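Novice: coords please:
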Amino acid sequence: MSPLVREHVGIVLILVLAFVMRSFLSTWPSFWHDEYLSIYYYGNYYKSALAAIHSLAQNSVHPPLYQFILYHWMDWFGDSELATRTLSNLYVAGATLCLYAFTDRVYGRRVALAAALIFSLMYMSIRYAVEVRSYAQTLFLASLSSWLLFEFLAKLLRPAHWKALLFNQWFVLLTLANAALLLTHYYNVFFLGAQGLFVLIYFLTRHPRLGLITEVVKAAVVSAVPVLVLLSTWGAVMASMYSRYDSRGKYNAGFPSTDPWTMFNKFVLSANLKLASFGKWLLPAIAVLLVALALRLAWDAYRRGWRHVPDRTYGTLYLAIWAFVPCLLAFLLFFFASAERYSSRYFIFCTPPLAVLIVLAFEEGIRLLDGAVSRFTAVRPARHYLRNALIYAAIIALVIAVPGGRKAASIAKVDFRGTASRIEDIVRSDPEHSYILYEANWRATLDYYLSHFGRKKRNVLITVSDTVHPKGEQSRDFTFEAKQDEIRKHDYLIVAFTHKRLRGFPKSLKRLGELYTPYFKMLSPQGRGLIVYKTTKP
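Specialist: The predicted model follows:
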């Protein structure tokens with residue numbers, strides 16, 4: 001065992017065990033609609049990565065970096081659930097390692113190990129480690145960016161002249177990480193805005209005698225370079241797609257529909273800390289301890305002067321800004337733009353600092369308890385905690401993180417694999433009759449599994465011929481009505497309800513019943529599954 005591994009054996013164990021656990025979970029659920037967009041419609045359906053990116057630019061609002069990487073990943077490792085989700089799994093492992101490196105640098109190994117353990121078991125970390133989507137990449141890049149930022153600031157000369165600021169390997173790496181964040185998801189700009197606020201505070205407090213304008217410009221340069229990279233590479237596509245979406249009223253909302261604290265509570269805290277009933281008491285306790293920690297650090301900064309404040313204080317300030325300020329910036333932008341679009345996954349980059357803040361809150365509680373008890377007795381709770389810190393870290397993870405992680409591991413997704421398997425069984429068990437398949441969805445997504453089942457059986461019996469499109473509910477322009485002649489060449493019509501549920505197609509179902517004879521149904525309580533029609537007139 002190398003000295004480096006021996007020195008950090010704790011994080012190695014956490015990374016390996018968490019990765020193996022997530023790998024096991026990766027093969028349990030089938031792909032669902034949004035994953036299909038990644039692997040099929042913006043992935044291996046095309047002959048080249050550039051063709052896939054061109055399709056993305058024509059049909060989606062998302063930037064291309066994740067799809068570009070995933071395309072080549074599938075070239076090397078295949079497009080199975082395990083292969084494609086392993087990329088996300090590796091991203092979460094990388095995020096854990098970067099969070100550990102950041103926390104170890106600022107707070108030491110004890111806090112770093114506890115934070116890494118909690119983060120590995122949190123809801124967002126587990127859920128998006130087993131999905132073929134860009135959010136795990138965001139987790140990794142946000143954690144990498146935070147670690148690089150503190151390496152950059154720690155090695156920056158004081159005062160920071162322009163040459164030292166820009167011609168610096170850490171600045172280059174930080175800029176690349178932040179540019180990659182923006183090319184992964186547009187909402188990551190709120191993370192960069194929060195990071196830019198911290199950089200501004202850092203420059204102004206570390207160098208209070210330097211010119212205000214100069215330091216503001218330096219902070220702006222650090223934050224603006226990645227934005228310029230985005231605008232120069234994907235800016236035209238971004239503007240075109242947002243204009244198209246905005247013209248449809250996709251982002252319009254009544255204002256104000258929420259406030260920054262409600263956003264933070266709903267999309268960050270509640271999205272990650274899915275606690276049991278006692279959680280309503282636990283979260284306020286954590287908040288009170290964090291306030292106590294903030295007051296102590298603020299008093300320490302006032303007493304010492306900001307120029308002499310240790311990295312630990314700046315680290316805690318950064319964690320608080322990292323966790324909360326993106327919600328504030330999103331609220332302000334959407335308020336003034338009179339448009340909004342919220343989802344907890346869009347703020348996934350706020351997940352890593354929560355793990356560290358939870359540990360800091362617990363240790364602040366131990367410090368306060370130690371100070372109170374030591375006045376009356378020789379017992380020192382702090383010493384007991386330090387001797388058994390690993391046990392306490394496991395207990396905190398069990399109480400705080402595991403409930404959410406368990407929900408993420410057991411979340412019920414749409415069973416495309418099972419639906420495709422049932423269709424294959426129906427067709428294969430009845431070779432005397434002919435079947436045609438329609439899928440009630442925007443796009444045909446069942447072909448992936450149908451082709452894989454057929455490949456294993458050396459024969460593809462059926463593919464999706466067309467869709468029962470959601471637009472037909474408004475226009476009454478039904479494809480199955482326009483193509484009656486083609487459908488009646490077959491004995492049976494199978495209509496599969498996958499991503500879109502049965503209840504989303506009342507007009508289509510009525511018209512289907514008028515044209516064809518319902519034969520039998522295989523539907524879940526949620527309204528997903530399939531209906532088989534005889535193509536003869538009722």
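Novice: Run through the strands of this protein in chain order.
Specialist: 435-440, 464-467, 492-497, 517-523, 529-534 (DSSP state E).
Novice: Given the longest one, what are its sheet partners and their directions?
Specialist: It stands for strand 517-523. strand 529-534 (antiparallel) (DSSP bridges).
Novice: before we move on, what about the third one?
Specialist: Its sheet considered, strand 492-497 pairs with strand 435-440 (parallel), strand 529-534 (antiparallel) by DSSP bridges.
Novice: what's near enough to touch the spatially closest residue to N178 that is not a sequence neighbour?
Specialist: Once flanking residues are discounted, N178 sits nearest to P226: 3.7 Å by Cβ to Cβ, 6 or more residues apart in numbering. Where you see a C-beta, it was placed from the backbone N, CA and C, and this is true even at glycine. Residues near P226 by Cβ atoms under 8 Å, 6 or more residues apart in numbering: T175, N178, A179, L181, L182, L192.
Novice: Mind doing that once more with 7 Å?
Specialist: By Cβ atoms under 7 Å, 6 or more residues apart in numbering, P226 lies in contact with T175, N178, A179, L182, L192.
Novice: what's the closest of these to S429?
Specialist: L182 (51.5 Å; Cβ to Cβ).
Novice: okay, now that closest one: neighbour count?
Specialist: Counted with other Cβ atoms under 10 Å, residues neighbouring L182 total 25.
Novice: go on, H469?
Specialist: When neighbours are defined as other Cβ under 10 Å, H469 has 21 of them.
Novice: Low-confidence regions, the stretch 51-200 of the chain specifically.
Specialist: Where the stretch 51-200 of the chain drops to pLDDT under 70, the residues are 157-166.
Novice: So which residues of it form helices?
Specialist: Ranges of helices in the stretch 51-200 of the chain, per DSSP state H, counting those that start in this stretch, are 65-77, 81-107, 109-120, 123-127, 135-154, 162-166, 169-182, 188-206.
Novice: wait, which of the ones you listed is closest to I423?
Specialist: That would be helix 81-107 among those, by Cβ to Cβ, at 18.8 Å.
Novice: Show me which parts of the closest one are buried, residue by residue.
Specialist: For helix 81-107, the neighbour count (16 or more other Cβ atoms under 10 Å) marks 81, 83-104, 106-107 as buried.
Novice: Next, the angle from it to helix 169-182.
Specialist: Direction vectors for helix 81-107 and helix 169-182, defined by axes from the mean of the first three to the mean of the last three Cα atoms, to 10 degrees, enclose an angle of 140 degrees.
Novice: wait, what's in contact with S134?
Specialist: S134 makes contact with H62, Y66, T184, H185, according to Cβ under 7 Å, 6+ apart.
Novice: Swap in 8 Å and give it another go.
Specialist: By Cβ under 8 Å, 6+ apart, the contact set of S134 is S38, H62, L65, Y66, Q67, T184, H185.
Novice: Return a PyMOL selection command for the buried portion of those residues.
Specialist: To isolate the buried members of the contacts of S134 in PyMOL, using 16+ other Cβ under 10 Å:
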select buried, resi 38+62+65+66+67+184+185
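Novice: So, low pLDDT: which residues of the stretch 301-450 of the chain?
Specialist: Where the stretch 301-450 of the chain drops to pLDDT under 70, the residues are 306-307.
Novice: what about the nearest residue to V359 once chain neighbours are set aside, neighbour count?
Specialist: Once flanking residues are discounted, V359 sits nearest to A114: 4.5 Å by Cβ to Cβ, 6+ apart. For A114, the neighbour count with other Cβ under 10 Å is 27.
Novice: okay but A114 is in contact with L398, surely?
Specialist: No. At 12.0 Å, A114 does not count as touching L398 under the criterion of Cβ atoms under 8 Å.
Novice: quick one: the residue lying closest to S434 once chain neighbours are set aside from W322, how far?
Specialist: Among residues not flanking S434 along the chain, H490 sits closest, at 4.2 Å (Cβ to Cβ, 6+ apart). Using Cβ to Cβ, to the nearest Å, H490 is found at 57 Å from W322.
Novice: Same question for G513.
Specialist: Distance, G513 to W322, using Cβ to Cβ: 55 Å.
Novice: Equivalent analysis for W170, please.
Specialist: 18 Å.
Novice: for L523, same thing?
Specialist: For L523, the distance to W322 - Cβ to Cβ - is 45 Å.
Novice: So between the two, which is more surrounded?
Specialist: Just comparing L523 and W322: by other Cβ under 10 Å the higher neighbour count belongs to W322, 26 against 13.
Novice: Number of residues surrounding the residue nearest to that one when sequence neighbours are not counted?
Specialist: In this structure, W322 finds its nearest non-sequential neighbour in P353, 4.3 Å apart by Cβ to Cβ, 6+ apart. For P353, the count of nearby residues is 29 (other Cβ under 10 Å).
Novice: cool, and V309?
Specialist: Neighbour count of V309, defined by other Cβ under 10 Å: 18.
Novice: wouldn't it be in contact with Y302 here?
Specialist: No. Judged on Cβ under 8 Å, V309 makes no contact with Y302 at a distance of 9.6 Å.
Novice: per-domain residue ranges of the chain.
Specialist: With domains defined by automatic domain parsing, the chain comprises 3-409, 416-534.
Novice: Quick check: pLDDT value at the residue lying closest to R85 once chain neighbours are set aside.
Specialist: Nearest non-adjacent residue to R85, counting by Cβ to Cβ, 6+ apart: S26, 4.0 Å away. As predicted, S26 sits at a pLDDT of 92.
Novice: and S26, what does it touch?
Specialist: Counting by Cβ under 8 Å, 6+ apart, S26 touches E81, L82, R85, T86, N89, V130.
Novice: how many neighbours does the last one have?
Specialist: By the criterion of other Cβ under 10 Å, V130 has 26 neighbours.
Novice: Tell me the one of the contacts of S26 nearest Y202?
Specialist: Nearest member of these to Y202, counting by Cβ to Cβ, is N89, at 33.8 Å.
Novice: distance of L332 from K413?
Specialist: For L332, the distance to K413 - Cβ to Cβ - is 34 Å.
Novice: cool, and A142?
Specialist: Look at A142 and K413: by Cβ to Cβ, they are 25 Å apart.
Novice: the more surrounded of those two?
Specialist: A142 (29 against 14).
Novice: Find the nearest non-adjacent residue to the more buried one, please.
Specialist: F349 (3.8 Å).
Novice: In this structure, which residue is most central in space?
Specialist: The chain has Y135 as the residue nearest its centroid, 2.9 Å off, counting by Cα atoms, centre = their mean.
Novice: residues contacting that one?
Specialist: Applying Cβ under 8 Å, 6+ apart, the residues contacting Y135 are S88, M124, Y128, H185, R345, I348.
Novice: okay, those residues in JSON lines with distance to A236 next?
Specialist: Shown next, in JSON lines, are the contacts of Y135 (distance: Cβ to Cβ, whole Å):
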{"residue": "S88", "distance to A236": "29"}
{"residue": "M124", "distance to A236": "32"}
{"residue": "Y128", "distance to A236": "29"}
{"residue": "H185", "distance to A236": "18"}
{"residue": "R345", "distance to A236": "26"}
{"residue": "I348", "distance to A236": "27"}
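Novice: Can you tell me which of the residues you listed comes closest to A394?
Specialist: When these are ranked by distance to A394 (Cβ to Cβ), M124 comes first, at 20.3 Å.
Novice: pretty sure that closest one is touching L273, no?
Specialist: No. If you go by Cβ under 8 Å, M124 and L273 don't touch, sitting 10.3 Å apart.
Novice: Could you check which of the two is surrounded by more residues?
Specialist: M124 (27 against 19).
Novice: ok, now how distant is the more buried one from T138?
Specialist: 10 Å.
Novice: Identify the contacts common to those two.
Specialist: I348.
Novice: list the contacts for F264?
Specialist: F264 neighbours (Cβ under 8 Å, 6+ apart): A323, F324, C327, C350.
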